[in-house]
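Visitor: this one's structure only:
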């Protein structure tokens, strides 16, 4: 055996060892679909709706057969992306006319979710609802109650739960690789006004609902919950209180919603999640970090890394693992489906996901609805994280600490 | 109200100046256009594992891959441009372009592959396992065209956008005072519209853009003080080791991009032939005009179609 072959052999063998350890939680990179295509309707063809259409068009197990939006130009743009789909001005018309639809994907503004989820479930459709689910605790509870009462498949749009890199990282976490947790940290930094342009001032006001404090959960709720949910899923528990503060640093255009916020989500044992979100600077983008006694895991949606402490036990496979330099640290790249890729000599190609996080969330829903199995992110789980987001926004508004009643979450 | 915004995408800097109803509207519209450019980059990047192009490459030589209608239309457009240029522009040159960029084949990187589209199945199939698509010659133009369409839909009256200064598109009238866009438009406008100087190349030619696009290409990239080839002839597989520069105006930025590359390829293959003969019989895009310079310091040759242009080239 020449040195190269020996190295390849060790690589395959060692990756196999790692994968054996990780196998129970490892998801396939490409979800499989069985049976006939799931007939889908999309509710709302705004920015998120159009992104969803792009992903749904490439998921083999479904067909987008209807789209609705009250704005005709957006509807027509969406129909160009979903060839063969019928267009409707609103969800009521779509649900009444397109009786063959099996499922709906709801991508409207947050405050419109409740009515649409309830109507869709009443029409016996499987439901995927974007997150956060609601802007009030009352609407949130109503959605959770409707989900509990139905036999239809319901999914919330927290994407970490169906992301293969996150699933792999979680399996490391659950296996105790980090040992005692020391700190949790996450950020979402981007440079944007977070304002949507419209063809007329009236239309623009309607589109910018997320800058309206009466309708929007602000940065903590509308953006932060996507990341809060990652920690809830990893830890299997929720915080007991939340502190938050914010200020308007850059976009002083008359808005009331702060463009820079920070929050501390405090868990029962004193563990804290430090979260920050800004619209004024894009440095380092969006990521989550779980730091423990023996290692830290950093997750950034398409990529994930593990940074081990010097005194952490070494696994055999680590010698050959792919690494990436971060300033003066080296991170082991977390590669989903490492066994398969190593066997093909393509471990390096596995760095980074082959699909977007949104693709995996939608594909998981399609596969779950087709098979009649629970989705990776149930509406109950999504409702619990949404409730945390609502209370975080309350803490920001009131400028203090807000308790999170475990009973409130348990009832969702 | 005018704003100026920029973003990094496709390995370069995209910048725009635009007029909106007010500062908030202008900024939001500009951000939407830049976001669209970034989305385009994410979808069609050769370097991202989760891009549509990466998915297509993973199925190369095997099964046809179902793609979204937008991607299908984009690839159909690329096939049309290949036909219109007689094969001088081709996006299926990804593999030989990689060899050329890596310095593995400075003279003969080889011919590219081919791909088929199935309209009924909305699918694409790369003919062989080593076929790779490279939208580098047209990606900036395609993204700029989409961005302009979006800006118009959002009520923007006037804008100039460029990607790395080599692909430019504009509509409406520029702001007053004109020096607001001075770092972008370095020349004097001779007519209403955005004046863009082609700099010391092309003998100081100036382009006036008012609803049209400009693309500038050179066969040799300047690196380490010495030009190295970064364009190849898809028909022969040979690298273009000629000091050729082309500037093309067209109504669409994608057409301008594709034709500025194609013009280099056509001229390199037939160096003594006039532009008129070189382009005779070609299916030229609306608003087509061009300048071709055979080497530094040479007088540029000009050609324009008889249709009314949305951009004007003046020397």
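Guide: Arrived safely, thanks for sending. Keep in mind that this is a model prediction, so the values were computed, not measured.

Visitor: Show me where chain A dips below the pLDDT cut-off.
Guide: Applying pLDDT under 70 to chain A flags the ranges A:1-35, A:338-350.

Visitor: Show me the helices in it, by range?
Guide: With helices called from DSSP state H, chain A shows them at A:3-22, A:47-56, A:72-81, A:91-97, A:113-122, A:137-149, A:164-174, A:201-207, A:218, A:225-235, A:338-343, A:357-371, A:379-398, A:406-410.

Visitor: what's the answer for chain B, then?
Guide: Taking DSSP H as the criterion, chain B carries its helices at B:23-44, B:52-58, B:69-84, B:94-101, B:139-153, B:253-269, B:275-279.

Visitor: Export those as a markdown table, with columns for mean neighbour count.
Guide: Quick note: C-beta positions are derived from backbone N, CA and C, even for glycine. Written out in a markdown table, the entries for the helices of chain B read as follows (neighbours: other Cβ atoms under 10 Å in any protein chain shown):
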| stretch | mean neighbour count |
| --- | --- |
| helix B:23-44 | 22 |
| helix B:52-58 | 20 |
| helix B:69-84 | 18 |
| helix B:94-101 | 20 |
| helix B:139-153 | 23 |
| helix B:253-269 | 27 |
| helix B:275-279 | 15 |
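
Visitor: near chain A, which residues of chain B?
Guide: B:20-21, B:23-25, B:27-29, B:31-32, B:35, B:39, B:43, B:48-50, B:52, B:54-55, B:58, B:66-70, B:122, B:153-155 (Cβ under 8 Å from any Cβ of the partner chain).

Visitor: Tell me how many other residues surround the residue nearest to residue B:230 when sequence neighbours are not counted.
Guide: For residue B:230, the nearest residue in space outside its immediate sequence neighbours is residue B:221; the separation is 4.3 Å by Cβ to Cβ, 6 or more residues apart in numbering or on different chains. Residue B:221: 12 surrounding residues under other Cβ atoms under 10 Å in any protein chain shown.

Visitor: Whatever residue of the stretch 301-412 of chain A ends up closest to chain B and residue B:146, how far apart?
Guide: For the stretch 301-412 of chain A and chain B, the shortest gap (Cβ to the nearest Cβ) falls at residue A:352, measuring 3.7 Å. Per Cβ to Cβ, to the nearest Å, residue A:352 is found 25 Å from residue B:146.

Visitor: for residue B:146, what are its contacts?
Guide: Counting by Cβ atoms under 8 Å, 6 or more residues apart in numbering or on different chains, residue B:146 touches B:36, B:37, B:40.

Visitor: returning to that earlier point: of all the helices of chain A, which one is nearest residue B:239?
Guide: Of all those, it is helix A:3-22 that lies closest to residue B:239, at 31.9 Å by Cβ to Cβ.

Visitor: Residue B:5 and residue B:32 touch, don't they?
Guide: No. Here residue B:5 does not reach residue B:32: they are 10.4 Å apart, not a contact under Cβ atoms under 8 Å.

Visitor: what about residue 304, neighbour count?
Guide: Went with chain A since none was named. 29.

Visitor: ah, I was thinking of chain B
Guide: For residue B:304, the number of neighbouring residues by other Cβ under 10 Å comes to 16.

Visitor: Turn the helices of chain B into JSON lines, including mean pLDDT.
Guide: Converted to JSON lines, the helices of chain B look like this (pLDDT from 0 to 100):
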{"stretch": "helix B:23-44", "mean pLDDT": "94"}
{"stretch": "helix B:52-58", "mean pLDDT": "92"}
{"stretch": "helix B:69-84", "mean pLDDT": "95"}
{"stretch": "helix B:94-101", "mean pLDDT": "87"}
{"stretch": "helix B:139-153", "mean pLDDT": "96"}
{"stretch": "helix B:253-269", "mean pLDDT": "95"}
{"stretch": "helix B:275-279", "mean pLDDT": "91"}
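
Visitor: Switch those helices over to a markdown table; also include distance to residue A:184.
Guide: What follows is these, written out as a markdown table (distance: least, Cβ to Cβ, whole Å):
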| stretch | distance to residue A:184 |
| --- | --- |
| helix B:23-44 | 28 |
| helix B:52-58 | 32 |
| helix B:69-84 | 38 |
| helix B:94-101 | 42 |
| helix B:139-153 | 38 |
| helix B:253-269 | 46 |
| helix B:275-279 | 63 |
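
Visitor: Find the nearest non-adjacent residue to the residue minimising distance to the centre of chain B, please.
Guide: Compute the mean C-alpha point of chain B, and by Cα atoms, centre = their mean the closest residue is residue B:257, 2.5 Å away. Taking Cβ to Cβ, 6+ apart, and ignoring the residues beside it in sequence, residue B:257 has residue B:141 as its nearest neighbour in space, at 3.3 Å.

Visitor: which residues does the one you found contact?
Guide: Contacts of residue B:141 by Cβ under 8 Å, 6+ apart are B:163, B:167, B:169, B:213, B:215, B:252, B:253, B:254, B:255, B:256, B:257, B:258.

Visitor: Look up how far residue B:284 lies from the last one.
Guide: Yep, that's residue B:258 we're talking about. With Cβ to Cβ as the criterion, residue B:258 and residue B:284 are 11 Å apart.

Visitor: How far does stretch B:153-170 sit from its chain's centre?
Guide: When C-alpha coordinates are averaged (Cα atoms, centre = their mean, to the nearest Å), stretch B:153-170 and its chain have centres 13 Å apart.

Visitor: Write out the residues of the stretch 201-350 of chain A neighbouring chain B.
Guide: Applying the criterion Cβ under 8 Å from any Cβ, the portion of the stretch 201-350 of chain A that neighbours chain B consists of A:201, A:204, A:253, A:254, A:302, A:349.

Visitor: May I see the ChimeraX selection of the buried members of those?
Guide: The following ChimeraX selection, which keeps only the buried ones among those, applies the criterion 16 or more other Cβ atoms under 10 Å in any protein chain shown:
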select /A:204,302
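
Visitor: follow-up on the earlier one: pick out whichever of the contacts of residue B:146 sits closest to chain A.
Guide: For the contacts of residue B:146, with chain A as the reference and Cβ to the nearest Cβ as the criterion, the closest is residue B:36, at 9.8 Å.

Visitor: Please pull out the lowest mean pLDDT helix or strand from chain B.
Guide: When the helices and strands of chain B are compared on mean pLDDT, DSSP states H and E, strand B:311-314 comes out lowest with a mean of 59.

Visitor: Tell me where the model's unsure across chain B.
Guide: Across chain B (using pLDDT under 70), the flagged ranges come out as B:176-192, B:199-200, B:222-227, B:306-315.

Visitor: what about 50?
Guide: Along chain B, the parts satisfying pLDDT under 50 run over B:179-190, B:224-225, B:315.

Visitor: Looks like residue A:187 contacts residue A:275 (just checking).
Guide: Yes. In terms of Cβ under 8 Å, residue A:187 counts as a neighbour of residue A:275; the distance is 7.0 Å.

Visitor: more neighbours, the two?
Guide: Counting neighbours by other Cβ under 10 Å for residue A:187 and for residue A:275 shows that residue A:275 has the greater number, 26 against 19.
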